[in-house]
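A.B. asks: For reference, the sequence and a predicted model appear below.
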Amino acid sequence: MSAENTYRSIWKTAYPIVVGLMAQNLMVVIDTAFLGRLGEITLGASAIGGIFYLCLVMLGAGFAVGVQIVIGRRNGEGNKTSIGLIFDHAMYFVIALAGLLFLVLTYLAPGFLQWFLKSEGVLRESLIYLDYRRFGFLFGFMVLIFNSFYVGITRTRILIASTSLMAAINIALDYVLIFGHFGAPAMGIAGAAMATNIAEACTFLFFLLWSIKNKTLPAYRLLQFHRPNRLQYKPLLKVAVPVMFQYFFSFSAWFVFFLVIEQIGETALAASNITRSFYMLLMIPVWGLSSATNTLVSNIIGQGRSHEVIPLIKKVLVIALLSTIVIVQVNLFIPGHIASFFTNEQHLIDATIPLLRVISLALFAFAFGMIIFSGLSGTGKTLVALVIEIFSITFYLVSAFIIAVWLKGPAALVWSVEVIYFTMMGLGSLAYLRTGKWKIYKF
């Protein structure tokens, strides 16, 4: 399927990703709401443990985005047979990466977290979560590669079914395993981790069966178990490795951000976790549009239409900003109701409301920065994108540390650095796109 530079085509590609992300992030919201009933410490631990796990997962997610960009380019070129080779080699890579990260969580995570966390309760619960969650790397990564394949060939409607299935299984198992219903033991935060692991395994099985039934595997020669060839990894890693580090640095910065928040206190940490969960939910339309931008830019360059890249990005940006105007209304007018969905404790609700108001402004900066940044990544110039990310993150973390630790500022002021971060990312990406150097880049 070839890409078109129209609002209709953009939305046709993006909306299944948006719906899929909505279902996926609903899992995070429900997880947080359930764990919020277990107290401040468990809620704070789910933030620390969850984001630490996400930092490692982002290595796989970044690799998957690189795979998506390369598949998008080959799809634009009409080179179907090479897509199967890319897919299989991507699977080999993430299986090895899953094993490596399992060892990292097993042997390095306890000492690392113990060094930074001052709350013994948060440390204990975080380690329990990670002890169970480490088994989720394998199926989680293989699901990401299937996602990359279908987004890369712009057949995104399957993502609605796959992520809806994942969310439904995860939420049902959350209810059973966290609280101990239907005869199951009450596992608390460990139950949340196990529920997600099982949901990811079921989603991988769904992708596999769906692809077999719809004859997608033979059409693209997927899972032919091609013999590993290092030459296949050259273009793949050229694009994917910078994205891997970019994603890793990005979420590592968020992890450090939450460590800074933890220094303010357990209430600030718990309130920030509530804010993070709802923030990620409100980010969904832009995340979906940014993923579509990646693959559409790569596709149209593959078709020899580089001159259409900037107009395409402008159209996506219009959609992103309009959607942000709509979604922030709920955050601005009923923040108390939102906070009360996650916790019954009034002091925690009061601590969360100012943070929710701050992220309303951050969402506009996110829309601006993320769409332009994804457009740059879609051209294949992922190393340039990584440099822009590093500069933006450095400023972000230094600002957060100064406000929280040196100036002893409130959590709401610390959260305001999100606006600066995404604005810097967008301006840096825009400046490079205007040079036109990306038009001659091949991989």
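C.D. replies: Sure, I can see it.
A.B. asks: Just the helices from the stretch 251-400 of the chain, written as ranges.
C.D. replies: According to DSSP state H, counting those that start in this stretch, the stretch 251-400 of the chain carries its helices in the segments 266-282, 284-302, 309-333, 335-342, 346-378, 382-401.
A.B. asks: So the residue of the chain positioned farthest from its centre: helix, strand or coil?
C.D. replies: Most distant from the centre of the chain: residue 183, at 34.0 Å, with distances by CA atoms, centre = their mean. Under DSSP: H, G, I helix; E, B strand; the rest coil, the three-state class of residue 183 is coil.
A.B. asks: same question, residue 224
C.D. replies: Classification of residue 224 using three-state DSSP returns coil.
A.B. asks: Residue 89 is in contact with that one, correct?
C.D. replies: No: applying CB atoms under 8 Å, one finds residue 224 not in contact with residue 89, separated by 11.2 Å. C-beta: built from backbone N, CA, C; applies to glycine.
A.B. asks: buried sites along stretch 306-323?
C.D. replies: Going by neighbour count (16 or more other CB atoms under 10 Å), the buried part of stretch 306-323 is 306, 308, 309, 312, 313, 315, 316, 317, 319, 320, 323.
A.B. asks: Of all the helices of the stretch 251-400 of the chain, which one is nearest residue 55?
C.D. replies: If you check each of these against residue 55 by CB to CB, helix 382-401 wins as the nearest, at 12.5 Å.
A.B. asks: by how many degrees do that closest one and helix 346-378 diverge?
C.D. replies: With axes from the mean of the first three to the mean of the last three CA atoms, to 10 degrees defining the directions, helix 382-401 sits at 160 degrees from helix 346-378.
A.B. asks: ok, now how distant is residue 310 from residue 378?
C.D. replies: The spacing between residue 310 and residue 378, counted by CB to CB, to the nearest Å, is 12 Å.
A.B. asks: How about the longest helix anywhere in the chain, which residues are buried there?
C.D. replies: Across the chain, the longest stretch assigned as helix under DSSP state H is helix 40-77. Using 16+ other CB under 10 Å as the test for burial, helix 40-77 gives 40-76.
A.B. asks: where does it sit relative to the chain's centre, distance-wise?
C.D. replies: Using CA atoms, centre = their mean, to the nearest Å, the mean C-alpha position of helix 40-77 is found 5 Å from that of the whole chain.
A.B. asks: and the next element down the chain from that helix?
C.D. replies: helix 80-107 (DSSP states H and E).
A.B. asks: helices or strands up against that next one?
C.D. replies: Contacts defined by 3 or more CB pairs under 8 Å, 6 or more residues apart in numbering; DSSP states H and E place helix 80-107 against helix 40-77, helix 137-152, helix 216-220, helix 230-264.
A.B. asks: any chance of these in CSV, plus distance to residue 328 and mean pLDDT?
C.D. replies: Converted to CSV, these look like this (distance: least, CB to CB, whole Å; pLDDT from 0 to 100):
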stretch, distance to residue 328, mean pLDDT
helix 40-77, 23, 83
helix 137-152, 26, 92
helix 216-220, 38, 77
helix 230-264, 20, 83
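A.B. asks: Pipe those helices into CSV and attach distance to residue 394 per row.
C.D. replies: Output for those, formatted as CSV (distance: least, CB to CB, whole Å):
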stretch, distance to residue 394
helix 40-77, 17
helix 137-152, 27
helix 216-220, 41
helix 230-264, 9
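A.B. asks: Mind checking those helices for the one nearest to residue 296?
C.D. replies: Nearest to residue 296 among these is helix 40-77 (7.7 Å), distances taken as CB to CB.
A.B. asks: angle of the closest one against helix 230-264?
C.D. replies: Angle, helix 40-77 to helix 230-264, by the same axes, to 10 degrees: 150 degrees.
A.B. asks: Give me the angle between helix 40-77 and helix 137-152.
C.D. replies: 40 degrees.
A.B. asks: picking that back up, in terms of neighbours, single out the busier of residue 224 and residue 89.
C.D. replies: Taking other CB atoms under 10 Å, residue 224 and residue 89 do not tie; residue 89 has more neighbours (19 against 13).
A.B. asks: if I pick the more buried one, what's in contact with it?
C.D. replies: If a contact means CB atoms under 8 Å, 6 or more residues apart in numbering, then residue 89 has 226, 228, 229, 232, 233, 236 as its contacts.
A.B. asks: what's around the fifth one, how many residues?
C.D. replies: The one in question is residue 233. 17.
A.B. asks: And for the last one?
C.D. replies: Taking other CB under 10 Å as the criterion, the count of residues near residue 236 is 21.
A.B. asks: Quick one: residues contacting it.
C.D. replies: With contact set as CB under 8 Å, 6+ apart, residue 236 has these partners: 66, 67, 70, 86, 89, 90, 93.
A.B. asks: which one of those is nearest residue 27?
C.D. replies: Distances from residue 27 to these, taken by CB to CB, are shortest for residue 67, at 23.3 Å.
A.B. asks: so the closest one sits right up against residue 88, yeah?
C.D. replies: No: contact criterion CB under 8 Å: residue 67 and residue 88 do not qualify, at 11.1 Å.
A.B. asks: and stretch 99-109, how far out from the chain's middle?
C.D. replies: Counting by CA atoms, centre = their mean, stretch 99-109 is centred 21 Å from the centre of its parent chain.
A.B. asks: now do stretch 416-432
C.D. replies: That offset, for stretch 416-432, works out to 18 Å (CA atoms, centre = their mean).
A.B. asks: and if you look at stretch 351-367?
C.D. replies: 18 Å.
A.B. asks: What's the mean pLDDT across it?
C.D. replies: For stretch 351-367, the mean per-residue pLDDT is 90.
A.B. asks: now do stretch 93-103
C.D. replies: The average pLDDT within stretch 93-103 is 96.
A.B. asks: List the buried residues for it?
C.D. replies: 93, 94, 97, 98, 101, 102.
A.B. asks: Isn't residue 264 up against residue 405?
C.D. replies: No: look at residue 264 against residue 405 with CB under 8 Å: they stay out of range, at 9.0 Å.
A.B. asks: Neighbour count: the two, which is higher?
C.D. replies: residue 264 (18 against 13).
A.B. asks: Contact partners for the more buried one?
C.D. replies: Contacts of residue 264 (CB under 8 Å, 6+ apart): 404, 410, 411, 414.
A.B. asks: coming back round to it: tell me which of the helices and strands packed on helix 80-107 sits nearest to residue 199.
C.D. replies: Each of the helices and strands packed on helix 80-107 has some distance to residue 199 by CB to CB; the shortest is helix 137-152, at 9.1 Å.
A.B. asks: is it possible to export the buried residues of stretch 306-323 to a markdown table including pLDDT and distance to residue 170?
C.D. replies: Putting the buried residues of stretch 306-323 into a markdown table (pLDDT from 0 to 100; distance: CB to CB, whole Å) gives the following:
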| residue | pLDDT | distance to residue 170 |
| --- | --- | --- |
| 306 | 84 | 41 |
| 308 | 86 | 39 |
| 309 | 87 | 37 |
| 312 | 89 | 34 |
| 313 | 91 | 34 |
| 315 | 91 | 34 |
| 316 | 90 | 30 |
| 317 | 92 | 32 |
| 319 | 90 | 29 |
| 320 | 91 | 27 |
| 323 | 90 | 25 |
